[in-house]
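S.K.: take this sequence and fold it.
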Amino acid sequence: FFFLSLPIAIIVVLFAGSKLLRVMSIMETAAAMVAVVCVALCVATMGTVDGFYLPGVAPKNFESGETIPLLVNRLDSTESILPFDYYTFDFCEPGETIDGTERGHIGGEVSENIGQVLLGERIRHAPHHLEMLQSKQCEPLCKKTYKNTDRSDVKKYMMIAKAIRQEYMNHWIVDNLPVVECTSNCKGGRTSDDLPYYRMGFPVGCMFGSNKHVGECTTSNMQNMQTTGMYINNHVDLIIRYHESSDYEGKRIVGVEAQPRSIQHDSTGSLDCSSARPAQSFNLNMPHQSEEDEETLEIIYTYGVYFEFSDIKWASRWDAYLRSAENTKIQWFSIVNSLVIVLFLSGMLGVILVRTLHKDISRYNLFDDKEDVQEEFGWKLVRADVFRPPGRPILLSVFVGTGVQLTCMFVVTLFFAILGFLSPATRGGLMTAMVSLWVVFGGVAGYVSARIYKMMGGEKWKLNTMLTSTLVPAIVFLIFFILDLLLWGEHSSAAIPIGTLILLAVLWFGISMPLTYVGAYAGYKKAAISFPGRTNSLPRQIRKQPLYSRTPVSVLLGGILPFGCIFIQLLFILTSVWGHHLYYVFGFLFLVFIILFVTTVESTILLCYFHLCNEDYHWWWRAFLTGGSSALYLFIYEIIFYSRQMEVEGKASFFLYFGYSLIVSILYFITTGTFGFLGCLYFVRRIYTVLKAD
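M.R.: Okay, here's the model as predicted:
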């Protein structure tokens, strides 16, 4: 319904408002389209809203004895970018018995949205059986046996051993809440600083040795482990906290905590999960030549379930998780740092506009009124060449149209995120919203690209429209497809299924491309944007520029201040993405985005003015490159983050990290380049409009 009805509604609006489009500017039309999409999205989601609650996050009331589904998600690690499906490892499966009489089967899949699939989430049902208020202390799951002479067993063992060495984390879900592990101050306290600290998920096991230290292992029975060796968390105690009230029937789950332990059980008939039990070693020596080297490793998996009443209400159950991820003091420092840069740039721009530029315009107009006209100088000298069309206008217009499309996508996504529609409870909602909005804003890209291209005097409108709908998406899709092949080769859960790739192609060619053509049609129907004055038939020769005013130097200088506004916030984003932390401070992100927009526009205008004063009228591409030059610093920062903060291993993780970073940098370059170009276009047209014509 969403993908079919929304594009049709946008097409109807574009055709019905064709007369209105003729009197609107580029940015006004883009803003109008954004407003239309916002209203359409609100209307489209109203049908799924249940009262006050957002779609998909309504509370679930459990009766005593009612089954509580336990779901397992992918396993990920901070030492590897490759996530894996839960059942890729030799863990217990639904239907598997402790005595091995019945073999298990992989847990059934849970319906996932396109955002979850793109992020590599693979949610399945777990073999654990949970019932409301039915506590269990040492419930058996299954028994796994590994022989060092069996190749299949060795392969399964090595897979889990690698997960333990690289600190892979289990991610379980109960009632749409992530199962967390308390890592510090678990008993809490009276002040806000004494609250428990939770981390998402819990480790597969622990490893001690020369490269590992005790602080990285947080299992409850760490004291029973040796100083060296590898241990597996074969027992998990789940503490389910619930809240009940007279306002509703049943009980609501408000928290789920896991306490993983490593327990060596003597046999399946005598299970003992007490804290005094020794830890379960996960070491299997490989055989050499003789049969005497044959060795068998047996692992018995168990779990416990406990229920605790909590005063936390259902609406506040995410607060404890989000509190562990927030750092508002540093966030505010980032905002203040960015505001200082904005004030500095605004002050410089104000001095130029109010004093220097105003004096220039008054002096030029005064000279025109006199009979003895003095020789022109400065930026007025190039007014007959400043609007000369640039080289490769079709490519520039395509980039600008795509940049406006990305900007609209990002602004609307942040708008809904701030309203709470894209909270952590809505799994994959952020990525789904971005993909959906990129598709429906294809009309905006076509319209802006057509207007810019027609303004430059372009005539190949068919080629322009086709490139607008295919060039940048094709580059991103090609890189993404190469990375996907790498993920397929590593058998990672992040590998996109063929069906999802086909769906993305349908969204691209079936919805986004037609909308781009519709928007381009509306843009070409409007009259071309006019320029003040006329353009000489012969281009004016540009005098030799000083070193600091040459294009490569000025472009690199133009990206320093915009990047300085975002680098602190960028650290939080990279840490959240690659460290698998929650990121929910979209209000801060929106402020930083506004600051980035203002800083990019102001710095581009300043450099553009300096070049015009030096009689260099080639500002079109320079404005776009100056605005997008902070993408270079972004990519360099991502390299530094990889070398200093990341502890990943393997070539696959290396190529995946830089592949995804390259995609982000390209999209960032096009977006910020669009900021600089449109800001400089408005500035140049404005200052030459106020001059008196010859």
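S.K.: alpha carbons only for contacts and neighbour counts from here, please
M.R.: Fine.
S.K.: quick one: low-confidence ranges for the stretch 451-600 of the chain?
M.R.: For the stretch 451-600 of the chain, no stretch has pLDDT under 70.
S.K.: now do the helices in it.
M.R.: 461-489, 498-506, 513-525, 551-558, 560-578, 586-613 (DSSP state H, counting those that start in this stretch).
S.K.: just send the ones you listed back as JSON lines, with distance to Met348 and mean neighbour count too.
M.R.: Listed next are the helices of the stretch 451-600 of the chain as JSON lines, based on distance: least, CA to CA, whole Å; neighbours: other CA atoms under 10 Å:
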{"stretch": "helix 461-489", "distance to Met348": "35", "mean neighbour count": "17"}
{"stretch": "helix 498-506", "distance to Met348": "46", "mean neighbour count": "12"}
{"stretch": "helix 513-525", "distance to Met348": "36", "mean neighbour count": "23"}
{"stretch": "helix 551-558", "distance to Met348": "14", "mean neighbour count": "18"}
{"stretch": "helix 560-578", "distance to Met348": "13", "mean neighbour count": "18"}
{"stretch": "helix 586-613", "distance to Met348": "8", "mean neighbour count": "21"}
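S.K.: using JSON lines, lay out the ones you listed together with distance to Tyr197.
M.R.: What follows is the helices of the stretch 451-600 of the chain, written out as JSON lines (distance: least, CA to CA, whole Å):
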{"stretch": "helix 461-489", "distance to Tyr197": "33"}
{"stretch": "helix 498-506", "distance to Tyr197": "37"}
{"stretch": "helix 513-525", "distance to Tyr197": "47"}
{"stretch": "helix 551-558", "distance to Tyr197": "42"}
{"stretch": "helix 560-578", "distance to Tyr197": "16"}
{"stretch": "helix 586-613", "distance to Tyr197": "22"}
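S.K.: to Trp379, which of these lies closest?
M.R.: helix 586-613 (4.4 Å; CA to CA).
S.K.: pLDDT below threshold where in the stretch 251-400 of the chain?
M.R.: 288-293, 324-334, 353-378.
S.K.: quick one: the strands in it?
M.R.: Ranges of strands in the stretch 251-400 of the chain, per DSSP state E, counting those that start in this stretch, are 252-261, 296-309.
S.K.: list the buried residues in the last one.
M.R.: Within strand 296-309, the residues that qualify as buried are 297-307, counting by 16 or more other CA atoms under 10 Å.
S.K.: report the inter-axis angle for that strand versus strand 252-261.
M.R.: Angle of strand 296-309 versus strand 252-261, following axes from the mean of the first three to the mean of the last three CA atoms, to 10 degrees, is 150 degrees.
S.K.: I'd like to know which elements strand 296-309 is packed against.
M.R.: Taking 3 or more CA pairs under 8 Å, 6 or more residues apart in numbering; DSSP states H and E as contact, the helices and strands that strand 296-309 lies on are strand 136-147, strand 235-243.
S.K.: among these, show me which one is buried the most.
M.R.: With neighbours taken as mean count of other CA atoms under 10 Å, these reach their highest mean count in strand 235-243, at a mean of 21.
S.K.: circling back to that earlier point, out of the strands of the stretch 251-400 of the chain, which is closest to Ala623?
M.R.: That would be strand 252-261 among those, by CA to CA, at 51.8 Å.
S.K.: quick one: that closest one to strand 235-243, angle?
M.R.: Using the same axes, to 10 degrees: strand 252-261 against strand 235-243 is 160 degrees.
S.K.: please point out which parts of strand 252-261 sit buried.
M.R.: Going by 16+ other CA under 10 Å, strand 252-261 has these buried residues: 252-261.
S.K.: distance between that strand and the chain's centre?
M.R.: In this view, strand 252-261 has its centroid 27 Å away from the chain centroid, taken as CA atoms, centre = their mean, to the nearest Å.
S.K.: show me the contact partners of it.
M.R.: 59-62, 174-175, 177-182, 201-203, 219-221, 233-244, 279, 310, 312-314, 316-318 (CA atoms under 8 Å, 6 or more residues apart in numbering).
S.K.: type out the ChimeraX command that picks the buried ones from those residues.
M.R.: Buried subset of the contacts of strand 252-261, written as a ChimeraX selection, criterion 16+ other CA under 10 Å:
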select :62,174,175,177,178,179,180,181,182,201,202,203,219,221,233,234,235,236,237,238,239,240,241,242,243,244,279,312,314,317,318
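S.K.: the longest helix along the chain - contacts with which helices or strands?
M.R.: In the chain, with assignment by DSSP state H, the single longest helix is helix 651-689. When contacts are defined as 3+ CA pairs under 8 Å, 6+ apart, helix 651-689 sits against helix 393-418, helix 461-489, helix 586-613, helix 620-628, helix 630-644.
S.K.: any buried residues in it, and which?
M.R.: Buried, per 16+ other CA under 10 Å, within helix 651-689: 652-653, 656-657, 659, 662-663, 665-681, 683-684, 687-688.
S.K.: what's the answer for stretch 279-299, then?
M.R.: 279-282, 284, 294, 297-299.
S.K.: ok, those residues vs Tyr633, which is closest?
M.R.: Nearest to Tyr633 among the buried residues of stretch 279-299 is Phe282, at 44.9 Å by CA to CA.
S.K.: from Ala522, how far off is the closest residue to Val398 other than its chain neighbours?
M.R.: Setting aside the residues directly before and after it, Val398 is nearest to Thr468 in space (CA to CA, 6 or more residues apart in numbering), at 4.9 Å. For Thr468, the distance to Ala522 equals 15 Å [CA to CA, to the nearest Å].
S.K.: what of Trp318?
M.R.: The gap separating Trp318 from Ala522 is 46 Å, by CA to CA.
S.K.: repeat for Ser423
M.R.: 36 Å.
S.K.: one more: Pro539?
M.R.: Applying CA to CA, the value for Pro539 to Ala522 is 33 Å.
S.K.: pull the residues that contact stretch 588-604.
M.R.: For stretch 588-604, the surrounding residues in contact (CA under 8 Å, 6+ apart) are 331, 335, 338-339, 341-342, 345-346, 349, 414, 558-559, 561-563, 565-566, 569, 623, 626-627, 672, 675-677, 679-680.
S.K.: which one of the helices of the stretch 451-600 of the chain lies closest to Gly229?
M.R.: helix 560-578 (27.7 Å).
S.K.: so how far is the closest one off the chain centroid?
M.R.: Its chain's average C-alpha position is 13 Å from that of helix 560-578, according to CA atoms, centre = their mean.
S.K.: stretch 432-452 too?
M.R.: Worked out by CA atoms, centre = their mean, stretch 432-452 lies 19 Å from the chain centre.
S.K.: also stretch 399-409?
M.R.: With CA atoms, centre = their mean, you get 17 Å for stretch 399-409.
S.K.: then stretch 240-250?
M.R.: The answer for stretch 240-250 is 35 Å, by CA atoms, centre = their mean.
S.K.: let's see that stretch as CSV, backbone CA atoms only.
M.R.: Extracted in CSV, the C-alpha atoms of stretch 240-250 (Å, rounded to 0.1, in the frame of the first residue of the first chain):
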residue,chain,number,x,y,z
ILE,A,240,12.6,-10.9,33.5
ARG,A,241,11.3,-7.8,35.2
TYR,A,242,7.5,-7.1,34.9
HIS,A,243,5.1,-4.5,35.9
GLU,A,244,1.4,-4.8,36.7
SER,A,245,-1.3,-2.3,37.4
SER,A,246,-5.0,-2.0,38.0
ASP,A,247,-5.3,-0.1,34.8
TYR,A,248,-4.9,-3.2,32.7
GLU,A,249,-5.1,-7.0,33.0
GLY,A,250,-2.1,-9.2,33.0
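S.K.: okay if I get the helices and strands packed on helix 651-689 as CSV plus distance to Leu71?
M.R.: Formatted as CSV, those follow (distance: least, CA to CA, whole Å):
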stretch, distance to Leu71
helix 393-418, 25
helix 461-489, 24
helix 586-613, 28
helix 620-628, 43
helix 630-644, 32
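S.K.: and those helices: which comes nearest Val382?
M.R.: helix 586-613 (7.5 Å).
S.K.: that closest one versus helix 630-644: what angle between them?
M.R.: 130 degrees.
S.K.: tell me the angle of helix 586-613 relative to helix 651-689?
M.R.: 50 degrees.
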